[in-house]
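Peer 1: sequence first, predicted model second:
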Amino acid sequence: MNERLTRLGRWFDARLQLGEAIASVAEHPVPRSSASWWYVFGSATLVVFVLQVVTGICLATVYTPAADRAWDSLIYLNYSQPLGWYLRALHGWGSNFMVALMIIHMIQVFLFGAYKYPRELTWVAGCVLLLCTLGMAFTGQVLRFDQNAYWGLGIGASMAGRAPIVGSKIVALMLGGPIIAADTLSRFFALHVFVIPAILMGFVGLHLFLVLRLGINDWPMPGRIVSRSTYRRQYEELVRADGEPFVPYAAQKDIVFAGLIILSLLVVAAIAGPIGPNGPPDPTIIQTVPRPDFFFLWLFSVFALLPPWTETVLMLTGPVLALGLLFALPFISGTGEKSWRRRPFSVVIVILVVTTIGSLTWLGTFSPWSPHMNAWSAVPTPIEYVKGRAPLELQGALLVQSKQCRNCHALGGRGGMRGPALDRTATRLTRSQMVRQILQGGGNMPAYGSNLSPAEVNAIVAFLATMHPPGQPPARNSARPAIPASSN
Amino acid sequence: MDSSTDTRRHFLFRLGIAINAVAVVLFARPIIGYLLSPARRFTWLDWIPLGPLTDYPENQTRLAAYENPFKKKWDGETAKIPCWVRRLTGKQFQVFAINCTHLGCPVRWFAESGLFMCPCHGGAFYSDGRHASGPPPRALYQYKYKVEADKLWIYAGELPTLGHPEV
């Protein structure tokens, strides 16, 4: 039996000529030190990408890329197509896994100096892969043709529309016409299913080829300096003296980790289920709060928090600068120390970027800058703020609700966070300061002068003047002599 | 190999390159033209009826919707575009695009406080469309309008952006 199999194998190999090539890849020696658990993230990203291709093809057999049918076909996939919900969950969560693994891989490569000579172009190819993966994440979010997709396209178009002179042309090219419609979905489908995957596969091939030809990065030792004249020879000596065949020595960790990743994806997708779609892409349903997917939330936060006058400039130059730096990195610091122990500046950069993007993402999850559109009618005034109040003050409490103040101002921890919470307003503002603030606005508050009668302003201020803790006196005008608190 | 076949082979090779260069240009021309076609037309605007004047009481702001004049059969729900109609008095109107001037999210009208609020980054506009607070760089976009045959008409069809605000 065994002999027959061997003969069969030889028969095929004589015709396919693949055996030698595969063996040379599998047996190529790698530095013993690089067979580390730190080196498993790249291969895991690739494994998840392969899963994405498989689940993506499956979804394409049911999904209908037409604007009038896409949303219905997603609902069909979720509820009617056997296992459709699970494949959508695997594809959606797979995309999150892929982006996360890729970012971890990138940070590891950066900290281990793996982008340095002679692997500069491996890094550049990796940057293209990062861009393609983020492109897949964004276009995939559009294919989930729901309210978020519709308004997300509007956000993309509004950013592109800020470009001088050619802005409206870019918008038309992006949307495939003058407005978000059928052609918009069709071209994002073409991008997501044909164009970007083709580029992605090409660069995955190049990236892998380079890793094989140039050898996997050796473990960075403090003091082992990379120099263009000596590195190749040193690496060859290292591999000869302390090398092990890639299979099984290094590959075993890759295989174990990739298997665990697939298992956790299967579990996460089964527990969390498919991502969306939310409401149908009907722009006349304006009772919607558009939000991007997790990996773009930090950008969403950036656009809320940037000073408005910097926005257009940063929207147009920021990506170019950031990508330029990313691509140029190996040409800026292509030699020298590899170990992160001797590159404190690089460690600081990683910590800064990760904490910045992390905290912006965290802010994006609850967007304190957005008014809570329903707070005025859905969130009650806390009982303690109306207990024992005078009729005028009660009238003011009512107006704070009905004039939608609560959409931006919280009471008792509930309501919008756009403006300051009103629970202690009286300790910060005197009555006349409150009147001025309400009538004229300012500090990001609209002016209500034309929408409130003097009697209404009077009532609101009477209510707000009671908003101070029992033991703490209200604010007073220091230019006037102190008078007993009873006059408050 | 004598030099005459060598020359002929080189000639054929050059001819092959030349033919293919011409072919590539001729092939690329329709591909590029096809892909760039959405950007070639300068305006996509048309007069669209928004319904009888009686739909819009004076001194009120109401949500209206129109059908994209350039819609395709398979546009589905995306062919319906909303806008805010504010009737001042008589034939005096303001018709605002739904899109916030910051990044295009749908603004909502709050009659009690007389404000349009945006759910994305907290932009707010006064009842006449002026910027009230938040990141938007300008007032709400306004459609051109006319009153004809007791109907309100607007000149629309494009997504208004800062690069193309003259809807």
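Peer 2: Perfect, I can see it now. As the structure is a prediction and not an experimental result, all values here were calculated from the model. Numbers count the residues shown, from 1 in each chain, chains lettered A, B, ... in the order given.
Peer 1: bridging residues for residue B:83?
Peer 2: Residues in a beta bridge with residue B:83, per DSSP bridges, are residue B:64, residue B:97.
Peer 1: what is the burial count for residue 15?
Peer 2: Because you didn't say which chain, this covers chain A. 8 (other C-beta atoms under 10 Å in any protein chain shown). Every C-beta, even on glycine, is put in place using the N, C-alpha and C of the backbone.
Peer 1: you looked at the wrong chain, it should be chain B
Peer 2: Other residues within reach of residue B:15, judged by other C-beta under 10 Å, total 10.
Peer 1: residue B:24 versus that one, what's the distance?
Peer 2: For residue B:15, the distance to residue B:24 under the criterion C-beta to C-beta, to the nearest Å works out to 15 Å.
Peer 1: repeat for residue A:331
Peer 2: Note on residue A:331: its distance to residue B:24, by C-beta to C-beta, is 32 Å.
Peer 1: what does residue A:251 give?
Peer 2: Residue A:251 is 43 Å from residue B:24, where distance means C-beta to C-beta.
Peer 1: same question, residue A:138
Peer 2: Distance of residue A:138 to residue B:24, given as C-beta to C-beta: 31 Å.
Peer 1: so which of the two has more stuff around it?
Peer 2: More neighbours sit around residue A:138 than around the other of residue A:138 and residue B:24, counting by other C-beta under 10 Å; the figures are 20 against 10.
Peer 1: the more buried one belongs to a helix?
Peer 2: Yes: applying DSSP: H, G, I helix; E, B strand; the rest coil, one finds residue A:138 inside a helix.
Peer 1: now do the contacts for it.
Peer 2: For residue A:138, the set of contacting residues under the criterion of C-beta atoms under 8 Å, 6 or more residues apart in numbering or on different chains consists of A:156, A:296.
Peer 1: check the gap between it and chain B for me.
Peer 2: If you measure residue A:138 against chain B using C-beta to the nearest C-beta, to the nearest Å, the figure is 15 Å.
Peer 1: please apply the same query to residue A:159.
Peer 2: Using C-beta to the nearest C-beta, residue A:159 is found at 7 Å from chain B.
Peer 1: nearest residue to that residue in space, ignoring adjacent ones along the chain?
Peer 2: What sits nearest to residue A:159 in space, not counting adjacent residues and going by C-beta to C-beta, 6 or more residues apart in numbering or on different chains, is residue A:315, at 5.2 Å.
Peer 1: now for the helix or strand harbouring that neighbour, which elements pack on it?
Peer 2: Take DSSP states H and E as the rule and residue A:315 turns out to sit in helix A:308-332. In this structure, helix A:308-332 packs against helix A:120-143, with contacts taken as 3 or more C-beta pairs under 8 Å, 6 or more residues apart in numbering or on different chains; DSSP states H and E.
Peer 1: run the angle between the helix it packs on and helix A:308-332 for me.
Peer 2: For helix A:120-143 and helix A:308-332, the angle between their directions (axes from the mean of the first three to the mean of the last three C-alpha atoms, to 10 degrees) works out to 140 degrees.
Peer 1: in the very next helix or strand once past helix A:120-143, what's buried?
Peer 2: Following the chain from helix A:120-143 toward its C-terminal end, the next helix or strand by DSSP H and E is helix A:147-160. Under the neighbour-count criterion of 16 or more other C-beta atoms under 10 Å in any protein chain shown, helix A:147-160 has A:147-160 buried.
Peer 1: for the helix or strand containing residue A:201, packing partners?
Peer 2: With secondary structure defined by DSSP H and E, residue A:201 is part of helix A:196-214. Contacting helix A:196-214 under the criterion 3+ C-beta pairs under 8 Å, 6+ apart are the following elements: helix A:41-60, helix A:120-143.
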